[in-house]
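Undergrad: Have a look at this fold, sequence not included:
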């Protein structure tokens, strides 16, 4: 923060998440927060942690953290709108224990159903928009972080996630909603409409021969042991 002359972000930790990941949120440098998973603190060394935080600082400096926060607010608003529609529709269902039926129950069901449908379609459209518009941005962020700090720390961080047993997955009900704000996939690799490319693809973009060299090195070690 001193290097880039911005207010130091507040740091939070997700204590129960073993996957290696991080996310940044906020509208201005003075109210920006960086959230690390417990797995990141437990598994990353100083260089790897530097690469992870460097990526998050790049998002702050480019304004991407602000854009991601706005998108999260839009997503949450549509979700809440859908939930309101569901509650309104429930008011229209007849309760057999009630003495009399509400005269507007049909209207409640129709209006609530329309609100729920509009909100649900908005959530689906938001996921599609995020997938179509943000998927290629991850590669740009990796390149920008590498140029900004002039080192291989970002690659080291990706390599650590690549070999980590839990990867970068976050086991939370909000994993999909915050996926676009995270350093790497917060969902499982087989999840539908993942925002981020795979770790292998990101490593290949930064260094096309790296994974092949690692595989050859591992084969050499196995051969020498046998």
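TA: It's in. Please read these numbers as outputs of a predicted model, since none were measured by experiment.

Undergrad: how near is the residue nearest the centre of the chain to residue 208?
TA: Centroid-nearest residue in the chain, with C-alpha atoms, centre = their mean: residue 179, separated by 2.2 Å. To residue 208, residue 179 is 26 Å away according to C-beta to C-beta, to the nearest Å. For every residue, glycine as well, the C-beta is placed using N, CA and C.

Undergrad: One more: residue 37?
TA: Taking C-beta to C-beta, one finds residue 37 at 29 Å from residue 208.

Undergrad: Could you check which of these two is surrounded by more residues?
TA: With neighbours defined as other C-beta atoms under 10 Å, residue 37 and residue 208 compare such that residue 37 has more, 27 against 9.

Undergrad: Quick check: that one vs residue 164, distance?
TA: For residue 37, the distance to residue 164 - C-beta to C-beta - is 11 Å.

Undergrad: and for these two, which residues touch both?
TA: Taking C-beta atoms under 8 Å, 6 or more residues apart in numbering as the criterion, residue 37 and residue 164 both touch 19-20.

Undergrad: doesn't residue 36 make contact with residue 12?
TA: Yes. Between residue 12 and residue 36 there is a contact under C-beta atoms under 8 Å: 7.4 Å.

Undergrad: neighbour count winner among those two?
TA: Neighbours per residue (other C-beta under 10 Å) separate residue 12 from residue 36, with residue 36 holding more: 22 against 12.

Undergrad: That one falls within a strand, correct?
TA: Yes. Assessed with DSSP: H, G, I helix; E, B strand; the rest coil, residue 36 lies in a strand.

Undergrad: quick one, what contacts the closest residue to it other than its chain neighbours?
TA: Once flanking residues are discounted, residue 36 sits nearest to residue 22: 4.9 Å by C-beta to C-beta, 6 or more residues apart in numbering. By C-beta under 8 Å, 6+ apart, the contact set of residue 22 is 34-37, 40, 52-53, 55-56, 182-183.

Undergrad: Give me the buried stretch members for stretch 150-157, please.
TA: Using 16 or more other C-beta atoms under 10 Å as the test for burial, stretch 150-157 gives 153-157.

Undergrad: export the residues you listed to JSON lines and tack on pLDDT and distance to residue 17?
TA: Shown next, in JSON lines, are these (pLDDT from 0 to 100; distance: C-beta to C-beta, whole Å):
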{"residue": "153", "pLDDT": "92", "distance to residue 17": "22"}
{"residue": "154", "pLDDT": "91", "distance to residue 17": "21"}
{"residue": "155", "pLDDT": "92", "distance to residue 17": "23"}
{"residue": "156", "pLDDT": "93", "distance to residue 17": "21"}
{"residue": "157", "pLDDT": "95", "distance to residue 17": "16"}
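
Undergrad: Between the residues you listed, which sits nearest residue 70?
TA: Residue 70 lies nearest to residue 154 out of the buried residues of stretch 150-157, by C-beta to C-beta, at 25.3 Å.

Undergrad: The closest one: what secondary structure?
TA: Counting by three-state DSSP, the backbone at residue 154 sits in helix.

Undergrad: residues in contact with the closest residue to it other than its chain neighbours?
TA: Leaving aside its sequence neighbours, residue 154 sits nearest to residue 51 (C-beta to C-beta, 6+ apart; 4.3 Å). Residue 51 is in contact with 145, 149, 151-158, counting by C-beta under 8 Å, 6+ apart.

Undergrad: Can you report phi and psi for residue 130?
TA: Here the main-chain torsion angles of residue 130 (degrees, to the nearest 10) amount to phi -60, psi -40.

Undergrad: Touching stretch 141-153 from outside, list them.
TA: 47-48, 50-51, 54-55, 57-59, 61-62, 64, 154-155, 158, 202, 205-206.
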